[in-house]
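>>> Have a look at this prediction, sequence included:
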Amino acid sequence: MAMRKLISLAGSIAVIGANSLALSPIAGTVAHSFAGADAPDVMNAAVIYGLATAASALLLAPTIDRVGHRAALIRSLLVLTAGLVLSAFAPNLVVFCLAQALAGLAAGCALPAIYALSALVAEKGRESETLGWVLTGWTVSLVLGVSLSAIIADFIHWRLVFALLAVAAGGLVAKAGRSRDLAFPLPSSALSLRANSPLTALRVPGIAPALLTVATYMTAFYGLYAYLGPHLTGPLQLSTTMAGLAPAAYGLGFGVAAFADRLLDRYGSAATAPVAFMGLGLVYFALAAASDHAAILIILCLVWGVANHIGLNLIVGWLTALDGQLRGAILGLYSAVTYLAVSAGAFFYRPLFGQFGFTGCALASACCIAPALALSLQRRSGFPSLVRGNGG
């Protein structure tokens, strides 16, 4: 597997992830530049970004199958660059929110294109390993992007954060434009007709249970992650700096897990998925049990990152195997459901956190893994598969 094939894909995820994750820790600093704004007002830009990403994934991602995966990625990165430049120079909060909406529209199309391209450039028998290395872009965004953004915002200026991300996105456009490794022939006219509707992928056999799995899986993660920081800095009374060790540990675990992805190719997803999802469920139970112990929680975040990486790899692998000709539309639905789960997790876990604390949230996440575990056991059992395809 030539690593140079994956640099553009992982790098694109890193830039997209850094933009989406960096705003939370620097929201207060950003607010100082806009008269009458506070941190919650600035975080409205994150909400708008998420909604724009979900809408784009649903409505625009199916065009990936018509224009070609590489062309879709390049166009999305161009729009992302424009959104980041506008974010860096936004004169007021309204313009900043509009800039993040533009970035969200780009991300909603770019992410499905990235995942589809990872399947196309993968060597036979190394699909999971290839996807795993692409997913490490999220690690870069979480460990480096978020932490460096906070440092730059504190010691220089928050606008430089978005300016540097714009430069990185522009560099990726140039690299993707030169790379022949990401070239892929345009679909046939018959496929273009087939992919006209944004919801075409909903007719693919097996898509419904797969999307239910995505919805519950992502709600489990984003719901708990949203209240990890408030739990560490609130009831456990850690400083903001110390609390930052938890997402850093998670990101490191997520990245380290890339070395284990080759095992998914060796043994097949049907055999490994039940073990992986059962393990993730146990991690959530462990997080609940250790909710009063900060050091243990931070260590468990490392394990959480490993387990979540493997689970995400399996789910995306299932989706890319459903219909090779409609990968863009299918992965668009995946991204739409994912970003809706971001909002759903924060919304539904808020009363849980208020009533039962972090322990209640972690137990709810453990229960949310049940559909993924049930689907993986069904695929392994030999009964007619709910998720059909050649993905293992």
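Yep, that arrived.

>>> With only the CA atoms kept, save stretch 124-143 in PDB.
In PDB, the C-alpha atoms belonging to stretch 124-143 read as follows (Å, rounded to 0.1, in the frame of the first residue of the first chain):
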ATOM      1  CA  LYS A 124      -7.300  -6.000  -2.700                       C
ATOM      2  CA  GLY A 125      -7.500  -7.500   0.700                       C
ATOM      3  CA  ARG A 126      -6.300  -4.300   2.500                       C
ATOM      4  CA  GLU A 127      -9.500  -2.300   2.400                       C
ATOM      5  CA  SER A 128      -9.900  -1.900   6.200                       C
ATOM      6  CA  GLU A 129      -6.200  -1.100   6.700                       C
ATOM      7  CA  THR A 130      -6.400   1.600   4.000                       C
ATOM      8  CA  LEU A 131      -9.500   3.100   5.500                       C
ATOM      9  CA  GLY A 132      -7.900   3.000   8.900                       C
ATOM     10  CA  TRP A 133      -5.000   5.100   7.800                       C
ATOM     11  CA  VAL A 134      -7.400   7.600   6.200                       C
ATOM     12  CA  LEU A 135      -9.300   7.800   9.400                       C
ATOM     13  CA  THR A 136      -6.200   8.900  11.300                       C
ATOM     14  CA  GLY A 137      -6.900  12.300   9.800                       C
ATOM     15  CA  TRP A 138      -9.400  12.700  12.700                       C
ATOM     16  CA  THR A 139      -6.500  12.000  15.100                       C
ATOM     17  CA  VAL A 140      -4.400  14.800  13.600                       C
ATOM     18  CA  SER A 141      -7.400  17.200  13.900                       C
ATOM     19  CA  LEU A 142      -8.100  16.200  17.500                       C
ATOM     20  CA  VAL A 143      -4.600  15.900  18.900                       C
END
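
>>> same for the helix or strand where Ala286 lies, what does it pack against?
Secondary-structure element containing Ala286, defined by DSSP states H and E: helix 269-289. In terms of contacts (3 or more C-beta pairs under 8 Å, 6 or more residues apart in numbering; DSSP states H and E), helix 269-289 is packed against helix 207-226, helix 294-322, helix 327-368, helix 370-381. Any C-beta I mention is one placed from the backbone N, CA and C, and that applies to glycine too.

>>> between those, which one is nearest to Ala163?
helix 327-368 (25.1 Å; C-beta to C-beta).

>>> tell me the mean pLDDT for the closest one?
Throughout helix 327-368, pLDDT has a mean value of 88.

>>> And for stretch 159-178?
89.

>>> Can you give me the buried ones in stretch 78-93?
78-88, 90, 93 (16 or more other C-beta atoms under 10 Å).

>>> What mean pLDDT does that stretch get?
96.

>>> now stretch 378-392
51.

>>> Next, give me the two most distant ones among the buried residues of stretch 78-93.
Among the buried residues of stretch 78-93, Leu78 and Leu93 lie farthest apart (C-beta to C-beta), at 24.9 Å.
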